[in-house]
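> I'd like to go over a predicted model; first the sequence, then the structure.
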2 protein chains.
Amino acid sequence: MAVSLRDVADAAGVSIATASRALGGKGRVSEASMRLVRETADRLGYRVNTLGKALREGSDGVVGIVVPMVSNPFYASLVHEFEDQLSRRNLKLLIADSHGELDREVERLEALASRRVRGIFVVPAYFDRSRPTITKIARQLPLVQVDRRVKDDSTLTFVGVDNADGIGQVLRHVFEQGAKTVVFVGADNRTSVGRERKKAFTTGVEELGLVAQRPIIDRYLFEFGLSAANQLMRRAELPDAVIAGDDLIATGLLSGFVRREMSVPGDVLITGFDGTILADICNPTLTTVQQPMAKIAEVAVAQLMQQIDDAGETGSHVRLRTTLREGGSTARLPTRTVPRSTT
Amino acid sequence: MAVSLRDVADAAGVSIATASRALGGKGRVSEASMRLVRETADRLGYRVNTLGKALREGSDGVVGIVVPMVSNPFYASLVHEFEDQLSRRNLKLLIADSHGELDREVERLEALASRRVRGIFVVPAYFDRSRPTITKIARQLPLVQVDRRVKDDSTLTFVGVDNADGIGQVLRHVFEQGAKTVVFVGADNRTSVGRERKKAFTTGVEELGLVAQRPIIDRYLFEFGLSAANQLMRRAELPDAVIAGDDLIATGLLSGFVRREMSVPGDVLITGFDGTILADICNPTLTTVQQPMAKIAEVAVAQLMQQIDDAGETGSHVRLRTTLREGGSTARLPTRTVPRSTT
DNA sequence: CTGAAAGCGCTTACAG
DNA sequence: CTGAAAGCGCTTACAG
């Protein structure tokens, strides 16, 4: 059995209260007791039982995060940044993967709440269906929505980026590169991010006087990008630029085109969204909308800490700025010298 | 304040013991009490306090994992698989990022042990320096080393792949593609994986009668691959094939070459290790050693469960098989028709 | 400065 | 079937 505070106190010949004070560094303890207790604790290999401490104090230093998919490089980076921010405040990160499924998300959120974590970060799986559980949990403990938000969330805190502005950035960029016809290949209305980027695309296209082809909509997956590229190549006319909903789709598109001997940016321009490592790795490199991951984590953690301290201070929505990260995928305007192969 | 079992019991007019039994589903409870208590609990929005439960039972359903860097796609996938495996057993995953630094690793491991997690998965940051803490912790609770191991770990459990065989697979592959001169670009002796892959390269080269150029050794980073490509291009003679220590380095190499107008596989063949999504995304796609991530998680979790149940059953080392995943980066033998540009 | 005691929320023998 | 009680390990008023 593990050694408890009781064991240390007995071995040191002091009360359990004194032992606690000596180890915890709180309350008055004589220099002698302090040393004695600490030595004894070391000798016995004592380690505080966080469970007991937490029960007594109401909560332990654990914060939970629910993401749709850790294996998505964007969320992997985000988790990394959160872990970093939290560890500076001596908090631990409990990670839960919802797989983008409502059932799992609900189950995970309830489990975190049961565990009496100090707070929760959540990237909602759905814009509307995630709402009930999230608002319910938020009434019970500090909660911050990250990256995505749910419908009618004026009472909930949110930290993410300005997706509309981000899409505007790439749209203006391809416009400046000479693109006239564009197409959006992104995700559906299931998530706030899907909605916002899709809508911003439509708005931006109008403002710039571009011609938009019929969009292709599905999930944030590399495989989807791949198949979308094939669909596009089957169309009568290839657009000048493809605006992808995220980097996974964008790199999928890029691979899809290149594998069919098309040139990017020679035949078509492609842009992504997120600014993950994927944008560096593909060839050509991907022009993308860079999300400030570290900043998102920093602000989200700050918001959560504020809720923990002030208890009640919720409802603020923070939209961080994205930046255009130029890569080779939009390096020059498409020059359709060679008629593209039809397949 | 959150509603406690006490509240539910009072509201239902039963003892706290009966309430506990009714909710927990253990022990004899009358049908009537059962229904009454459950209804009351629902009405009050009761949710068991895992902390109290855990203190009573000695541990909660949390398992910790310490990885060097969640943002590395390989570890992101691994974490994803672990979360999946664990959630089926109703266990939660506490994630800790060591950044590959000893201090952080020690601190994280101690914290997990303090928290009385059910067990720990750890990817050791160092082959030798990580040993003391890991063996110490392993004496106190179930622990399984994953992917990497520490020195003299016959008492420790380990689950990973057969790195020697994996390197052998790519080496034979490039040999069959006609490569004569090869070079290893990988990581140092700091980790077991670095050691094993490096050593396997040397052994394999001898067996196949290949000529090895001086290796380039550093960390598992995309940026390192990038700079290694530049170093290689500065050499008098470019090797026929570059065997990279992992996919990050491999894609870095690939980008490095391609950005300098070299052709892969036209001028040089490249192979990776891990089988992450990166191998799909780069262009050409990367030939790599596929690690069975799901299987690793499955076996590692099974090993941990066994330790939890049998208490003491440690020391087994499981080496899973890797498979060769062929991509475009080794599609054909280099044909040096064009003298390569010197820069 | 130090100790005895209460209590965080829960589960489970132990009686009845 | 049900309740009173003990106890998991800890911290912190409360006395002294």
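Noted; the coordinates are in hand.
> so residue A:184 belongs to a helix, correct?
No: counting by DSSP: H, G, I helix; E, B strand; the rest coil, one finds residue A:184 to be strand, located in no helix.
> and it, what are its bridge partners?
Beta bridges link residue A:184 to residue A:243, judged by DSSP bridges.
> and the pLDDT at the residue in the stretch 51-200 of chain A positioned nearest to chain B?
Nearest residue of the stretch 51-200 of chain A to chain B (Cβ to the nearest Cβ) works out as residue A:76 at 3.6 Å. In short, each C-beta sits where N, CA and C put it, glycine included. On pLDDT, residue A:76 comes in at 95.
> tell me which parts of the stretch 201-343 of chain A are close to chain B?
A:222, A:251, A:254-255, A:258, A:277-278, A:280-283, A:285 (Cβ under 8 Å from any Cβ of the partner chain).
> mind picking the two most distant members of these?
Distance extremes for those: the farthest pair is A:258 and A:277 at 18.7 Å, using Cβ to Cβ.
> can you tell me which of the residues of the stretch 201-343 of chain A next to chain B are in helices?
Assignment to helices by DSSP state H places the following of these there: A:222, A:251, A:254-255, A:258, A:278, A:280-281.
> between these, which is closest to residue B:326?
Using Cβ to Cβ, these come closest to residue B:326 at residue A:255, 15.8 Å.
> give the rounded mean pLDDT of the host helix or strand of residue A:296.
Under the criterion of DSSP states H and E, residue A:296 resides in helix A:293-310. The pLDDT scores in helix A:293-310 average 93.
> show me what it is packed up against.
helix A:73-88, strand A:119-122, strand A:143-146, strand A:157-161, strand A:317-320 (3 or more Cβ pairs under 8 Å, 6 or more residues apart in numbering or on different chains; DSSP states H and E).
> one more pass at 10 Å, please.
When contacts are defined as 3 or more Cβ pairs under 10 Å, 6 or more residues apart in numbering or on different chains; DSSP states H and E, helix A:293-310 packs onto strand A:62-67, helix A:73-88, strand A:119-122, strand A:143-146, strand A:157-161, strand A:317-320.
> out of the ones you listed, nearest to residue B:310?
With distances scored as Cβ to Cβ, the stretch of these nearest to residue B:310 is strand A:62-67 (28.4 Å).
> doesn't residue A:252 make contact with residue A:232?
No: the criterion here is Cβ atoms under 10 Å, and residue A:232 misses it with residue A:252 at 11.6 Å.
> and the residue nearest to residue A:138 when sequence neighbours are not counted, its phi and psi?
Spatial nearest neighbour of residue A:138, excluding adjacent residues (Cβ to Cβ, 6 or more residues apart in numbering or on different chains): residue A:156 at 5.6 Å. Here is the backbone geometry of residue A:156 (degrees, to the nearest 10): phi -100, psi 150.
> what number of residues lie near residue A:156?
Residues within reach of residue A:156, counting by other Cβ atoms under 10 Å in any protein chain shown, total 21.
> let me know whether it touches residue A:146 as I believe.
No: contact criterion Cβ under 10 Å: residue A:156 and residue A:146 do not qualify, at 11.2 Å.
> give the residues shared as contacts by the two.
Listed as contacting both residue A:156 and residue A:146 by Cβ atoms under 10 Å, 6 or more residues apart in numbering or on different chains are A:122, A:124.
> quick revisit: just give me the closest of the ones in helices among the residues of the stretch 201-343 of chain A next to chain B to DNA strand C.
For these, the minimum distance to DNA strand C (Cβ to the nearest atom of the strand) is 43.2 Å, reached by residue A:222.
> that closest one contacts residue A:248, doesn't it?
Yes: between residue A:222 and residue A:248 there is a contact under Cβ under 10 Å: 4.8 Å.
> those two: who's more crowded?
residue A:248 (26 against 21).
> please state the backbone phi and psi of the more buried one?
According to degrees, to the nearest 10, residue A:248 has phi -60, psi -50.
> tell me the residues of chain A that contact DNA strand D?
Within chain A, the positions near DNA strand D by Cβ under 7 Å from any atom of the strand are A:1-2, A:4-6, A:16-17, A:20-21, A:23-24, A:26-27, A:46, A:48-49, A:51-53, A:55-57.
> repeat that with 6 Å
Listed as neighbours of DNA strand D in chain A under the rule Cβ under 6 Å from any atom of the strand: A:4-6, A:16-17, A:20-21, A:24, A:26, A:48-49, A:52-53, A:55-57.
> tell me who's in contact with the residue nearest to residue A:138.
Contacts of residue A:156 by Cβ under 10 Å, 6+ apart are A:122, A:124, A:131, A:134-135, A:138, A:143-145, A:149-150, A:314-317.
> drop anything exposed from those.
Using 16 or more other Cβ atoms under 10 Å in any protein chain shown as the burial test, the contacts of residue A:156 include A:122, A:124, A:131, A:134-135, A:138, A:143-145, A:149-150, A:314 as buried.
> now those in CSV, with distance to residue A:213 and pLDDT?
CSV is the format used below for the buried ones among the contacts of residue A:156 (distance: Cβ to Cβ, whole Å; pLDDT from 0 to 100):
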residue, distance to residue A:213, pLDDT
A:122, 35, 98
A:124, 30, 98
A:131, 33, 97
A:134, 36, 97
A:135, 38, 95
A:138, 40, 93
A:143, 40, 95
A:144, 38, 97
A:145, 33, 98
A:149, 29, 97
A:150, 31, 97
A:314, 42, 78
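> what is the nearest of these to residue A:67?
Distance to residue A:67, by Cβ to Cβ, is smallest for residue A:122 among those, at 8.2 Å.
> so for the nearest residue to that closest one once chain neighbours are set aside, what's the pLDDT?
Closest residue to residue A:122 apart from its sequence neighbours, by Cβ to Cβ, 6+ apart: residue A:66 at 4.5 Å. With respect to pLDDT, residue A:66 scores 96.
> okay then, goodbye and thanks.
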